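**Student:** The following comprises the amino acid sequence and a computationally predicted model.
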Amino acid sequence: MKGVANHYPQDQLDWLRDHRVNLTRVNLTEQFNAKFGTNYKVGTLQGVCTRHRFMAGSNGCYKKGNTPYNAGKAGLLPYKPNSGQFGAIDNQNSFKNKQPVGTITALMEGFLKIKTAEPNQWMLLHRYVWETANRTIPSKHVLRFIDGNRQNCTLENLECLPKAVSLLLNQGDYQHQHAELKPAIKANCFLKNAISAKTREHVL
């Protein structure tokens, strides 16, 4: 059953209208109850003010002529006012989590990455090791781990192969083949790739 609307005496409405500007809703409710001997809650009088369009005096904006709280307090903040560096304090707190250059972490795919420069430049570790040894990765080539371990990034465990050959090795489950057969399997993949390339040249 719906409640019955409460009709407030005109003197109470006039009081709310005259005092809603300078008082918060909490203070307004406390003083209203004290004056009229009532026991209304904040939400109740809030609803009355809303229905009668008794808006609060503050709209949340600074009025013209107001002085900012930090006026004349230059140097008390870690950034200049209005500089846009509102995250400066949070950034200072995050420095403790900052990782130095040379830090190595693991990726979900099993690869390792290394921090190579500030502020946040990273590189796959096996590529870093390869290129640091003054070796390049030609176009349409990839680096492979000879033993199949993506975290063994020593130079001796890396080889640079054509992408097509690498694909053939993956298709033949190369890493799980017997060690004595791997050289022959790899040579066969190179041969297949060379034959395929010559065939494409003949067609063209």
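**Tutor:** Arrived safely, thanks for sending.
**Student:** need the strands for the chain, in chain order.
**Tutor:** 104-106, 112-117, 121-124, 141-145, 158-162 (DSSP state E).
**Student:** In TSV, list those strands along with mean pLDDT.
**Tutor:** Below are those laid out as TSV (pLDDT from 0 to 100):
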stretch	mean pLDDT
strand 104-106	92
strand 112-117	93
strand 121-124	94
strand 141-145	94
strand 158-162	94
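**Student:** Could you export these as CSV, including distance to D173?
**Tutor:** Just so you know, the C-beta spots here come from the backbone N, C-alpha and C atoms, and that holds for glycine as well. Below are the strands of the chain laid out as CSV (distance: least, C-beta to C-beta, whole Å):
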stretch, distance to D173
strand 104-106, 24
strand 112-117, 24
strand 121-124, 24
strand 141-145, 14
strand 158-162, 16
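**Student:** For H202, which of the ones you listed is the nearest?
**Tutor:** Each of the strands of the chain was scored for nearness to H202 using C-beta to C-beta, and the closest is strand 158-162 (19.2 Å).
**Student:** quick one: that closest one to strand 141-145, angle?
**Tutor:** Using axes from the mean of the first three to the mean of the last three C-alpha atoms, to 10 degrees, the interaxial angle of strand 158-162 with respect to strand 141-145 works out to 140 degrees.
**Student:** For T116, which non-adjacent residue is closest in space?
**Tutor:** Computed as C-beta to C-beta, 6 or more residues apart in numbering, the closest residue to T116 that is not its neighbour in sequence is M123, at 5.0 Å.
**Student:** how deep is that neighbour tucked in, by neighbour count?
**Tutor:** 15 (other C-beta atoms under 10 Å).
**Student:** doesn't K113 make contact with it?
**Tutor:** Yes. Counting by C-beta atoms under 8 Å, K113 is a contact partner of M123 at 6.5 Å.
**Student:** coming back round to it: among the strands of the chain, which is nearest L168?
**Tutor:** strand 158-162 (9.4 Å).
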